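Novice: Have a look; sequence and predicted model below, questions after that.
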Amino acid sequence: MSFTWTDEKTEQVIGNLLRAGVVLSAIVVLAGGILYLAHHGRTHADYHVFKGQPEALRDVPGIASGAMKLDSRSIIQFGLLLLIITPIARVAFSAVSFALEKDRMYVVVSLIVLAVLIYGLAGS
């Protein structure tokens with residue numbers, strides 16, 4: 001019994017990938033939000049002085065490190081990173097799918113789109 005990769009199978013996997021990415025992201029952000037409110041829910045905001053994001057929350061290694069330490073803001077940021085990565089994973093999967101279908105032109109187009117996305121996220 002041989003397995004052939006079809007457009008319908010591709011659409012089904014991509015739909016599941018996008019759904020799973022969004023749901024996982026929402027769960028992680030919700031968990032971080034609950035943890036944040038548990039630790040900081042009763043503190044009053046001081047709007048007289050602007051305080052930007054801490055340096056640790058501005059890059060992926062810092063976010064991952066903080067999330068591993070169960071820092072609530074890092075967990076929220078990690079959930080947002082998952083949300084950003086979801087469509088990138090979709091493009092990467094599309095390139096693999098087109099390769100399985102032996103559609104070289106769409107593989108090249110998908111890889112170009114993937115390269116542009118990664119270049120844009122890397123900060124140019």
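Specialist: Nice, thanks for sending it over.
Novice: for whatever helix or strand residue 24 lives in, packing partners?
Specialist: Assessed by DSSP states H and E, residue 24 sits inside helix 7-40. With contacts taken as 3 or more CB pairs under 8 Å, 6 or more residues apart in numbering; DSSP states H and E, helix 7-40 sits against helix 72-100. No exception for glycine: its C-beta is placed from N, CA and C like everyone else's.
Novice: Let me know the average pLDDT across the helix it packs on.
Specialist: Helix 72-100 shows a mean pLDDT of 93.
Novice: ok, back up a step: moving C-terminal from the helix holding residue 24, which element do we reach first?
Specialist: Moving toward the C-terminus from helix 7-40, the next helix or strand (DSSP H and E) is helix 60-68.
Novice: what's the neighbour count on residue 16?
Specialist: Close neighbours of residue 16, defined as other CB atoms under 10 Å, add up to 10.
Novice: Residue 113: what's its closest spatial neighbour, skipping adjacent residues?
Specialist: Spatial nearest neighbour of residue 113, chain neighbours left out: residue 91 (5.4 Å); criterion: CB to CB, 6 or more residues apart in numbering.
Novice: Kind regards, and thank you for your time.
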